[in-house]
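Asker: Got a predicted structure here, sequence first:
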Amino acid sequence: MTKLIIRRLFWTIPVILLVVFVTFMMMRQIAGNPFRTSERVIPEAIQRNLEQKYGLDKPWYIQYATYVKNVATFDLGPSLVLRNRTVNDIVKTHFPVSMELGLYAMLFAILFGVPLGILSALRANSWFDYAAMTFSNIGYAVPSFLVATLLIYYFALQWGGTFNFPTSGWNTWESKVLPTVALGLGPMAYFARLVRGTMLETLQQEYVRTASAKGIRWHRVVVVHVLRNSLIPAVTAAAPLLGFIITGSFVIEQIFAIPGIGRYYVTAVNARDYSVVMGLTVLLSVLIVIANMVVDILYGVLDPRTRDART
Amino acid sequence: MRIKTLWLLLAMLVASLALVAAGCGGDDGGDAAGTGTEQEEQEGGGDLAAEQVITVNWGTEPPSLDPGLATDTTSSNILTNIMDPLIKLDDELNPVPYLAESIEASEDGLTYTIVLREGGKWTNGDPVTAGDFEYAWKRTISPELAADYAYQLYGIKGAQEYNGCEENCDALRDEVGVRAVDDRTLEVTLTSPQPWFPQQLAHHSFLAVHQETVEQHGENWTEAANIVTNGPFRLETWEHNSRIDIVKWDEWRDADSVTLTRVNGRMISDATTSVQAFEAGEVDVTSGLPPEEIPRLKETDGYQQYPGLGTYYYGVNVNTVTDVNQRRAMALAIPRQSIIDNIAQADQLPATGFTPDGIPGFDTINPESPYLPPEGDMDRAKELMEQVESPKTDINLVINDSPGHREIAVAVQAAWSELGLNVNIRQQEWAQFLEAVSPAGNNVDVYRLGWIGDYVDAYNFLELWTCESGNNGSNYCNEEYDELLRRVTSGELESDEDRYEVYGQAEDIILGEDGDMPILPIYWYTYVYLEDPSIQDTFNINTLSQIDLTKVQVRETD
């Protein structure tokens, strides 16, 4: 197990370097002037001053090398567009907000999606199952920004008297409910369907029939034998779902005016704020790599077969 | 054993999340909602409400609140309210002395002597001196600061040289034409006579900064904990990308004239959400309304419209669309009023020239172009088109990707197809769009842009079409036109009227009867806001999109 972890950690570094390199090249390829925000052309002298200040007048390989060196010392550089802020600063202030939103959405998805899937599987082909799966399909198909706007319209505006949800912001606990639901609905639907599918499959297995025939209480059969094996695919699905939640949060943060990292990412790409884009890409790659690693470990814990095969 | 591990893990997960939720959930941090005003039927001009607090939606996070670095409208609006500008513009956009007590120009129009009022103070107690202005302006044009808006000060002698210097910079710095003669007197020397200079001083680039604070805190000097200001309001809270709250500063030199005690500011950038926030009563004023909602919002109490000093136009690449009659025909074919009524829908004014209505001297300047009839004139357009020997029939129309532009392009495409033109609309993302049209390359025939005035004089608009202007996307060059504008800064024109005459002639050259038509103006902008009835009569935007919060008062509504 430890060997596994160390090997994975070791491989993180080349992966992140590759991601940084590709992002670096892509950002340079898409052209556009980071210093030109409006239609007004920037006088040459000013353009030169700005390029000198941010080291953009050097050849690309020097820029890349400098950047990698800085990242190694955890210095993600100043923002090109937000002139009084550094990327470290931005990450420190806003990343926790996105983390919180993502965590709540994930929690919502798991706490509602998994039981829904389990119950649907246990009551397969009943009205409950059909209702739950229809709800899932809708939740999965409807884009999160539409869900977000509808939620605001109904819960914050139309029925604002009964519920106390604000239309936007991220301070009181009420303000966190709608964004969580909007972001978590898709993953919840995904989990429900996935868990239902794997449970149905597991329920067909020989050992389940055997256990039942041995006289073990059905409840214990489900919880002890069936559930454990059905949840494994759900765990493996969690890692890419994290990616979905991260990218989904860009839109949700924009709509609900949540001061998270997602908003910065989108505006930074449009504004060609190279350092912010690079810095956030590094951050997110590290996050996804760690998430994948955690999932792999969990997988090893849950499924002993993989443990032996791996090491 | 293994099941226990699983349940243990799950239990730990839930427990830790519960802890996290408990830790984070209880955080209120000064809720933005709650404005203390009533949302009932409007009754304008009533008594003052007990609580003079409003909540505005600033829209986006200001990239910087450093007067030397700020470039956008949000920063500008906050800065002109927390700082004390030398002059402000009145409702007719005339310069009115503000922190400056007097501004006098020399005979030759090259030197301005600005005398500051007594009583200007910084929030840390220091008096505001002329030296603060000298420091701030020289800092803005210094190459180290690399300020985007350094060019706003290029009218000052030596500024451009200093800004572009590679060596010997200290010497050049001393040559810059701004000098604090004493604590209250500032002497400014310009490169040429610029009669609009006093009005330019209303721009945020000309604000003073507190030297000690800037030097002590460096890049962080604008954070709420560090910033030192000198205006009617001061910055109390700045939670990045979340809120900016400003409060009345009781020690400002004219604090008695300010009614508002507090302005809470949200940063909701999504247009739909901002409308919903307004309708839920969470904000009292917001702008940047989604175009498709404007017809519905027009019918509500909160809708307010203001004329703007800006022109929405299509530029034509004169290198590829070479026949002037074709350009004139294209201008005639555009159904401006229909576009305004059906697409833009905010009662914009159809453009009959380039310089917009609202600029001083408009009546003299405006050419009432025969090629820009508001309803369009398809018959005359077709006539002219027939006179074109080898028309450019494949037209590449390049627009950027903000809402509304595509619909207008489609309307224009339909109109031009009647002239036998095959229009291909290319919509591009902003940064790439700018690269494509500055100036227009050979693969761009027509491009869409808007120009908003920096200061209140037609020069700001007309200089775009000079040969050397970097903003001349049409590749247009006419010596006669350049010569006219040269006369304006030469000092040979005596009065404002003379200057307006010359501007009128310049507009004639590009858009008059014999106009070259390097551009096809479409409409003049309006700004559209949603304002709570309790502040509607005092919350007013001027044509430069500025708000003066010292004039806002919350009324009782019952």
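Answerer: Everything's here; your move.

Asker: near chain A at all, stretch B:405-413?
Answerer: No - using C-beta under 8 Å from any C-beta of the partner chain, stretch B:405-413 never reaches chain A; the gap is at least 12.8 Å. (C-beta placed from N, C-alpha, C; glycine too.)

Asker: List the contacts of the residue nearest to the spatial centre of chain B.
Answerer: When C-alpha atoms, centre = their mean is applied to chain B, the residue found nearest the centroid is B:Thr73 (5.0 Å). Residues near B:Thr73 by C-beta atoms under 8 Å, 6 or more residues apart in numbering or on different chains: B:Ser545.

Asker: What separation do you get for it and A:Glu51?
Answerer: Distance of B:Thr73 to A:Glu51, given as C-beta to C-beta, to the nearest Å: 26 Å.

Asker: Show me the residue of the stretch 351-500 of chain B that gets nearest to chain A, please.
Answerer: Proximity of the stretch 351-500 of chain B to chain A (C-beta to the nearest C-beta) peaks at B:Ala431, 2.9 Å away.

Asker: Report pLDDT for that residue.
Answerer: Per-residue confidence for B:Ala431 comes out at a pLDDT of 86.

Asker: swap in A:Glu44?
Answerer: For A:Glu44, the predicted pLDDT is 87.

Asker: wait, does the strand or helix carrying B:Tyr135 contact chain A?
Answerer: Using DSSP states H and E, B:Tyr135 maps to helix B:130-140. No - taking C-beta under 8 Å from any C-beta as the criterion, helix B:130-140 and chain A are apart, separated by no less than 10.9 Å.

Asker: Does chain A have contacts with the next helix or strand along the chain from that helix?
Answerer: With elements assigned by DSSP H and E, the helix or strand that comes after helix B:130-140 is helix B:159-163. Yes - part of helix B:159-163 sits near chain A under the criterion C-beta under 8 Å from any C-beta, namely B:160, B:163.

Asker: any idea of the mean pLDDT for helix B:159-163?
Answerer: Here the average pLDDT along helix B:159-163 is 93.

Asker: So what touches the helix or strand following that helix?
Answerer: Next helix or strand after helix B:159-163 toward the C-terminus (DSSP H and E): helix B:169-175. Defining contact as C-beta under 8 Å, 6+ apart, one finds that helix B:169-175 is touched by B:138, B:142-143, B:157-158, B:161-162, B:165.

Asker: now do 7 Å
Answerer: Contacts to helix B:169-175, defined as C-beta atoms under 7 Å, 6 or more residues apart in numbering or on different chains, come from residues B:138, B:143, B:158, B:161-162, B:165.

Asker: downstream neighbour of that helix in the secondary structure list?
Answerer: strand B:178-182.

Asker: low pLDDT regions in the stretch 451-558 of chain B?
Answerer: Along the stretch 451-558 of chain B, segments meeting pLDDT under 70 span B:558.

Asker: same question, the stretch 1-150 of chain B
Answerer: The model of the stretch 1-150 of chain B has pLDDT under 70 over residues B:1-45.

Asker: burial measure for B:Tyr523, as a count.
Answerer: 24 (other C-beta atoms under 10 Å in any protein chain shown).

Asker: show me what contacts it?
Answerer: By C-beta under 7 Å, 6+ apart, B:Tyr523 lies in contact with B:312, B:336, B:340, B:344, B:348-351.

Asker: repeat that for 6 Å
Answerer: By C-beta atoms under 6 Å, 6 or more residues apart in numbering or on different chains, B:Tyr523 lies in contact with B:312, B:340, B:348, B:350-351.

Asker: what do you get for B:Tyr459?
Answerer: B:Tyr459 sits next to no residue when contact means C-beta under 6 Å, 6+ apart.

Asker: With the one 3 residues further on instead?
Answerer: Applying C-beta under 6 Å, 6+ apart, one finds that B:Leu462 lies in contact with B:Ala506.

Asker: May I have the host helix or strand of it exported as CSV, CA atoms only?
Answerer: Following DSSP H and E, one finds B:Leu462 within helix B:459-462. The C-alpha trace of helix B:459-462 is given here as CSV (Å, rounded to 0.1, in the frame of the first residue of the first chain):
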residue,chain,number,x,y,z
TYR,B,459,-11.5,65.6,-30.6
ASN,B,460,-11.6,62.4,-28.6
PHE,B,461,-13.9,60.9,-31.3
LEU,B,462,-12.5,62.5,-34.4
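
Asker: Quick check: B:Phe114 is in a strand.
Answerer: No, residue B:114 isn't Phe; it's Ile. Yes - under DSSP: H, G, I helix; E, B strand; the rest coil, B:Ile114 sits within a strand.

Asker: hang on, isn't it packed against B:Ile103?
Answerer: Yes - contact status for B:Ile114 versus B:Ile103: in contact at 5.1 Å, counting by C-beta atoms under 6 Å.

Asker: and these two? which has more neighbours close in?
Answerer: Remark: of B:Ile114 and B:Ile103, B:Ile114 carries more neighbours, 25 against 18, as counted by other C-beta under 10 Å.

Asker: For the more buried one, give its distance to A:Met27.
Answerer: From B:Ile114 to A:Met27 the distance is 45 Å (C-beta to C-beta).

Asker: Same check on A:Gly300?
Answerer: As judged by C-beta to C-beta, A:Gly300 and A:Met27 stand 37 Å apart.

Asker: next one: B:Tyr154
Answerer: Separation of B:Tyr154 from A:Met27 (C-beta to C-beta): 31 Å.

Asker: what's the answer for A:Pro34, then?
Answerer: Distance, A:Pro34 to A:Met27, using C-beta to C-beta: 9 Å.

Asker: ok, those two, which is more surrounded?
Answerer: Higher neighbour count among A:Pro34 and A:Met27: A:Pro34, with 22 against 19, using other C-beta under 10 Å.

Asker: and that one, what is it in contact with?
Answerer: Per C-beta under 6 Å, 6+ apart, neighbours of A:Pro34: A:80, A:272.

Asker: ok, back up a step: what does the helix or strand that the helix holding B:Leu462 is followed by contact?
Answerer: Scanning forward in sequence from helix B:459-462 by DSSP H and E, the next helix or strand is helix B:479-490. Helix B:479-490 is contacted by residues B:192, B:466-467, B:499, B:502, B:505-506, B:509 when judged by C-beta under 6 Å, 6+ apart.

Asker: Can you confirm whether stretch B:314-331 lies near chain A?
Answerer: No - Stretch B:314-331 is not in contact with chain A by C-beta under 6 Å from any C-beta of the partner chain; minimum separation 10.6 Å.

Asker: got a list of what B:Gly46 touches?
Answerer: Listed by C-beta under 6 Å, 6+ apart, the contact set of B:Gly46 reads B:555-556.

Asker: A helix includes it, no?
Answerer: No - read with three-state DSSP, B:Gly46 is coil and lies in no helix.

Asker: about what we covered before: which of the contacts of helix B:479-490 ranks first by neighbour count?
Answerer: Among the contacts of helix B:479-490, the one with the most neighbours (other C-beta under 10 Å) is B:Ala506, at 31 neighbours.

Asker: What sits closest to residue 269 if chain neighbours are left out?
Answerer: Defaulting to chain A. Nearest in space to A:Val269, with sequence neighbours left out and distances taken as C-beta to C-beta, 6 or more residues apart in numbering or on different chains, is A:Val277 at 5.7 Å.

Asker: Correction: the question concerned chain B.
Answerer: Closest residue to B:Ser269 apart from its sequence neighbours, by C-beta to C-beta, 6+ apart: B:Thr60 at 5.0 Å.

Asker: Kindly report the same for B:Asp182.
Answerer: Leaving aside its chain neighbours, B:Asp182 sits nearest to B:Ala130 (6.9 Å; criterion: C-beta to C-beta, 6+ apart).

Asker: same deal with B:Phe362?
Answerer: Per C-beta to C-beta, 6+ apart, closest to B:Phe362 is B:Thr355, 6.9 Å.

Asker: Please apply the same query to B:Thr237.
Answerer: The shortest distance from B:Thr237 to any non-neighbouring residue, by C-beta to C-beta, 6+ apart, is to B:Asp245 (4.2 Å).

Asker: May I ask you to confirm that the one you found belongs to a helix?
Answerer: No - counting by three-state DSSP, B:Asp245 is located in no helix; its state is strand.
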